[in-house]
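Undergrad: Could you look at this predicted model? Sequence included:
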Amino acid sequence: MTRPTAVLAAGALAGALALTGCSGSGSDSGPDRAELSVSSPYMPKPVSADMAAGFLTITNEGGAGDELTSVSSDVAGEVTMHSTQGGAMAEKSSFAVPAHGRLVFESGGNHLMFEKLRRAPKQGQTVTVKLTFARSGHLTVEMPVESATYHPSTGH
């Protein structure tokens, strides 16, 4: 092969490899995967010695849904997930995280309950929370402890 032909062949090969890398097949992202992130996590300072609530938003930028199947924390003996609809609270074993959507845990709605507290989290501290998903595995979140009357929309 002559030098100009070799350069053209190498360039064509490099271009083909670059296009293959963008195809999404065999990569960690793409239309068939969830791409999860967490925002606005917080725990209001507990008002009881054995129980606390937790709130956060899970965003899925991916093309596939996932499912939050469990939550744990070293601060609590157990963490349960609850939905609230029409004033009625119900414990749930999982929550769907839709593709290109969000799962919101907020005061008055879906929420986390930290039960059998091993220690009382104090305002200004953080609590480590492990979220487990059916397809995406684990995600660890640092949840700040805010005042008992904290409201995320005002930051107070």
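TA: That came through fine.
Undergrad: Mind jotting down where the helices sit in the chain?
TA: Assigned by DSSP state H, the chain shows helices spanning 3-22.
Undergrad: chain center to stretch 140-155: distance?
TA: From the chain centre to the centre of stretch 140-155 is a distance of 16 Å (Cα atoms, centre = their mean, to the nearest Å).
Undergrad: Give me the residues contacting that stretch.
TA: Outside of stretch 140-155, the residues within contact range by Cβ atoms under 8 Å, 6 or more residues apart in numbering are 38, 40-47, 54-56, 106-107, 121-131, 156. (Each C-beta comes from the backbone N, C-alpha and C, glycine too.)
Undergrad: filter these to the buried ones?
TA: With neighbours counted by 16 or more other Cβ atoms under 10 Å, these contain buried members at 38, 41-46, 54-56, 121, 127, 129, 131.
Undergrad: Could you dump those residues into JSON lines and include pLDDT?
TA: What follows is those, written out as JSON lines (pLDDT from 0 to 100):
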{"residue": "V38", "pLDDT": "98"}
{"residue": "P41", "pLDDT": "98"}
{"residue": "Y42", "pLDDT": "98"}
{"residue": "M43", "pLDDT": "98"}
{"residue": "P44", "pLDDT": "97"}
{"residue": "K45", "pLDDT": "96"}
{"residue": "P46", "pLDDT": "93"}
{"residue": "G54", "pLDDT": "98"}
{"residue": "F55", "pLDDT": "98"}
{"residue": "L56", "pLDDT": "98"}
{"residue": "P121", "pLDDT": "95"}
{"residue": "V127", "pLDDT": "97"}
{"residue": "V129", "pLDDT": "98"}
{"residue": "L131", "pLDDT": "98"}
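Undergrad: Stretch 65-80: which residues count as buried?
TA: Of the residues in stretch 65-80, those scored as buried under the neighbour-count criterion (16+ other Cβ under 10 Å) are D66, E67, L68, S70, V71, S72, S73, V75, A76, V79.
Undergrad: if we can go back for a sec, which ones among the contacts of stretch 140-155 are found in strands?
TA: Using DSSP state E to define strands, the subset of the contacts of stretch 140-155 located there is 38, 40-44, 54-56, 126-131.
Undergrad: Would you point out the most distant pair within these?
TA: Considering Cβ to Cβ, no two members of the ones in strands among the contacts of stretch 140-155 lie farther apart than P44 and K130, which are separated by 20.0 Å.
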